[in-house]
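**Q** Dropping the sequence and predicted coords here.
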Amino acid sequence: MDLQKQPAAEPAAPPAGRTPGRTPGRTPGQAPEGCLVVAIRLPVRIVVLVLVVPVRMVWDGLVVVGRLLRDAVLRPLGRALSWLGKALFVWPLVGLWRYVVVPAAKALAWLGKVLVVTPVVWLCRYLLTPLGHGLAWLVRGVGAGFGWLYARVLTPVGHAVLRLLQGIGAVIAAVGVGVYGAGAWLVRYFVVVPARWLHRWFLAPVGRAIGWCARGAWRFLELLAGGIGLVLYWAARILLVLPALALWRWALVPVGRFLAVVAREVADALGHAWRIAGRVSLAVGRFLGTLLRWTFVEPVRWAYRTVLTPVGHVVRDAVLRPAGRAARSVGRASRQALAAAWETARQTRADVRRMLFGEPVRREAAVGREPSAGEARTLGSSTTALTKD
């Protein structure tokens, strides 16, 4: 069964009110759809819309509740936990690091430098370095002695031994050449010639015969295997491949196309239903928001604006402001009374001190060397020491 309509030989003229080349419900680049697709699409979309709208509304409600929890509960809780974590862990650790670990580490570093590094440096500089220089000088002297011994004693002895060995080797080589010539003639006529004859007249013909037999057997096995393989190939093709191909072509492919169409339509229906459910949920949310605003927010705003605000103004003008002015006047009077009492106490204390200890000795102001502000030095006055009369 073909799931796609066969295109007509000549397309009919489009009806009035429609754009040529356009089919309702599909995009311009989409392939033409069959009657089965259209028959599946409408019930699937209706069923999916009925199933998806409650899910989308529940999802939008959960989103709103989640945002409210995030803004009103989780963020303040997270900030409080962050501050608490800083107060309990970060700040104590920072204080411990800054005021305990760092000073202790600096003290340990200073102790290590004083107790370890400085003695080691002194030991290396004033003991090990001179000792190493002395050992190096001793080793260089011993090396020079061994070099002189090698150059003056061992080298001439080695050259003499080498020349002696070369002479002995030349004598042995002369004797070996004669022995080698006789041995080569014997090996040639007693070993090489019989072996060559045996290979040419016996082993080579036997090997060729064995190779010919092996090639014939191999060709026979190839023909036998090819015949068996051809029989098995045609048997497998007739018994397995052709039924499987027919099953794939006439059963699985149509079923797969049908399932693909159903799956595509279900996916498209889910997308359309999700978008339509979003619009429905948005409309319901706006309706509930408007209902809440007109049933709760607007009455509260009206009560605040028309009742509480005038009452608050009356309380402010008739009670709070007079009370504030009275409190300020009382405070001003109290400050004046306290200032008068303080001044009276100060004068009384001064009179008691004068009666007990007498008048205080007044020191005369020392005459300054510089003129006063009214007698400042100018170019036209004679206030310097050289021009003073």
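**A** Structure's in. What do you need?

**Q** Could you report the neighbour count for Arg45?
**A** 19 (other CB atoms under 10 Å). Placement of C-beta: from N, CA and C, glycine included.

**Q** Extract the C-alpha set from the helix or strand hosting Val121 and format it as CSV.
**A** Using DSSP states H and E, Val121 sits within helix 118-123. What follows is helix 118-123, C-alpha atoms only, in CSV (Å, rounded to 0.1, in the frame of the first residue of the first chain):
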residue,chain,number,x,y,z
THR,A,118,73.5,29.3,57.9
PRO,A,119,75.5,26.4,59.5
VAL,A,120,75.3,24.4,56.2
VAL,A,121,76.5,27.4,54.2
TRP,A,122,79.3,28.0,56.6
LEU,A,123,80.3,24.3,56.5
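
**Q** Go through that helix and flag the buried ones.
**A** By neighbour count on 16 or more other CB atoms under 10 Å, the buried set for helix 118-123 is empty.

**Q** Going forward, count from 316.
**A** Got it, first residue is 316 now, which makes that one helix 433-438.

**Q** what about the very next helix or strand once past that helix, distance to the chain center?
**A** Next in sequence after helix 433-438, counting helices and strands by DSSP H and E, comes helix 444-464. Its chain's average C-alpha position is 61 Å from that of helix 444-464, according to CA atoms, centre = their mean, to the nearest Å.

**Q** Could you do stretch 546-554 as well?
**A** 58 Å.

**Q** Buried residues in that stretch, which are they?
**A** So, applying 16+ other CB under 10 Å, stretch 546-554 has no buried residues.

**Q** hey, where'd the helices end up in the stretch 316-465 of the chain?
**A** With helices called from DSSP state H, counting those that start in this stretch, the stretch 316-465 of the chain shows them at 350-384, 390-400, 406-411, 417-427, 433-438, 444-464.

**Q** In CSV: those helices, plus mean pLDDT.
**A** Putting the helices of the stretch 316-465 of the chain into CSV (pLDDT from 0 to 100) gives the following:
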stretch, mean pLDDT
helix 350-384, 79
helix 390-400, 92
helix 406-411, 91
helix 417-427, 92
helix 433-438, 90
helix 444-464, 86
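
**Q** can you put these in a markdown table and add distance to Arg572?
**A** As requested, the helices of the stretch 316-465 of the chain are exported to a markdown table (distance: least, CB to CB, whole Å):
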| stretch | distance to Arg572 |
| --- | --- |
| helix 350-384 | 10 |
| helix 390-400 | 52 |
| helix 406-411 | 67 |
| helix 417-427 | 75 |
| helix 433-438 | 87 |
| helix 444-464 | 91 |
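
**Q** Name the stretch among these that sits most buried.
**A** Highest mean neighbour count among the helices of the stretch 316-465 of the chain (mean count of other CB atoms under 10 Å): helix 350-384, with a mean of 14.

**Q** which other helices and strands contact it?
**A** Packed against helix 350-384 by the contact rule (3 or more CB pairs under 8 Å, 6 or more residues apart in numbering; DSSP states H and E) you find helix 568-607.

**Q** quick one: average confidence on the helix it packs on?
**A** With pLDDT averaged residue by residue, helix 568-607 scores 85.

**Q** quick one: it to helix 350-384, angle?
**A** On the basis of axes from the mean of the first three to the mean of the last three CA atoms, to 10 degrees, helix 568-607 is oriented at 40 degrees to helix 350-384.

**Q** what's the average pLDDT for the strand or helix carrying Arg664?
**A** Using DSSP H and E, Arg664 sits in helix 636-672. Here helix 636-672 scores 87 as its mean pLDDT.

**Q** Not counting the helix holding Val436 itself, show me its contacts.
**A** The contact list for helix 433-438, computed with CB atoms under 8 Å, 6 or more residues apart in numbering, is empty.

**Q** Now for Ile355: which residues touch it?
**A** Contacts for Ile355 (CB under 8 Å, 6+ apart) come out as Val576, Val577, Glu580.

**Q** what angle do the helix or strand hosting Gln481 and helix 444-464 make?
**A** Using DSSP H and E, Gln481 sits within helix 470-502. Calculated by the same axes, to 10 degrees, helix 470-502 forms an angle of 60 degrees with helix 444-464.

**Q** Next secondary structure after helix 470-502?
**A** That would be, after helix 470-502 and using DSSP H and E, helix 508-513.

**Q** Can you list the buried residues in that following helix?
**A** Counting neighbours by 16+ other CB under 10 Å, one finds that helix 508-513 has no buried residues.
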